[in-house]
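Peer 1: sequence first, then the predicted structure, then my questions.
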Amino acid sequence: MRIATATTLLAIMLTAATGAAAQPAYPVIPEPMIFDMMRPLGAQKGEMEVNALAMTTSPFRPRAAEWAPEVEYAFADGKAIEFELPFNGAKLEAFKLGLQAAFGASADGRSAHGVQYLGIYDRETGRYSNSLLYMAGHRFDARWSMMNMVGVDDIALKRRNGRNALLLNHATFYDVAAGTIAGVELNVAGGRERLVRVAPQLHQRLAAKVNVQAAAGVEKHRHHRARPTLGVRLVREL
């Protein structure tokens, strides 16, 4: 049933995105660091990126870090796919597939929206879960921009405890200088985790196609105290 639901969602997503390339030019909006996108909404066919995110609440215990290398590829204008391998320390925990499609730009090219699908296979439990999010970004001026993502996690046709939970991600960015972007990201996840995370972050371009992102914030899980969290993402465009 979960596979059939996922197939239906993917068909709707790709059908709705048909013709997105004919829309006005897309705004340039940074990608959130923690809840990564699969290339910007205005990605052109053939664009490719490899990156890796590492997150930890125990900076002096590297084996406790969660990290994930991934490959992103735009297989058509406005459409991209992602393959990701989430690790916990040295243990490969899951296989992750993502698809993203842009719906177009508006407001004279200052706003854009699209949709993102995520499918995760947990190696330990053998369980497959999926989520679907609507994305809406806007560039206010040469300095300020934002990206909003809202959707449903662990989708199921029947309502069950922890299923069809809220996913919310908001990021506000400020272009400090050429190649330097400051931002703050808010992650909210319902369901079994019930996580809230706030992560101020800095994006720094090191070379024409190399970018590093770093964040230091705080997160709160259900039944746990708030704790600091650190993260870094290294990005290489190909």
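Peer 2: Received the coordinates, thanks. Numbering: from 1, shown residues only.

Peer 1: so for the residue sitting nearest the centre point of the chain, what's the nearest residue that isn't a sequence neighbour?
Peer 2: When the chain is reduced to its mean C-alpha position, the nearest residue by CA atoms, centre = their mean turns out to be Asp36, at 2.6 Å. Residue nearest to Asp36 in three dimensions, not counting chain neighbours: Leu53, with 6.8 Å by CB to CB, 6 or more residues apart in numbering. Where you see a C-beta, it was placed from the backbone N, CA and C, and this is true even at glycine.

Peer 1: and the gap between that neighbour and Leu133?
Peer 2: Distance, Leu53 to Leu133, using CB to CB, to the nearest Å: 17 Å.

Peer 1: what of Thr172?
Peer 2: Relative to Leu133, and taking CB to CB, Thr172 is found at 18 Å.

Peer 1: again with Ala54
Peer 2: 23 Å.

Peer 1: so for these two, which residue has more residues nearby?
Peer 2: Per other CB atoms under 10 Å, whichever of Ala54 and Leu133 has more neighbours is Leu133, with 21 against 16.

Peer 1: contacting residues around that one?
Peer 2: Residues near Leu133 by CB atoms under 8 Å, 6 or more residues apart in numbering: 115-116, 118, 149-152, 167, 169.

Peer 1: quick one, which of the residues you listed are buried?
Peer 2: Taking 16 or more other CB atoms under 10 Å as the criterion, what is buried in the contacts of Leu133 is 115-116, 118, 149, 151-152, 167, 169.

Peer 1: between those, which is nearest Ser106?
Peer 2: Distance to Ser106 across those (CB to CB) is lowest for Val115, with 15.5 Å.

Peer 1: confirm that the closest one sits in a strand.
Peer 2: Yes - checked against DSSP: H, G, I helix; E, B strand; the rest coil, Val115 lies within a strand.

Peer 1: can you pull the pLDDT of it?
Peer 2: Model confidence at Val115, given as pLDDT, is 97.

Peer 1: likewise Ala156?
Peer 2: The score at Ala156 is 79. That number is its pLDDT.

Peer 1: for it, give its distance to Glu193.
Peer 2: In terms of CB to CB, Ala156 sits 16 Å off from Glu193.
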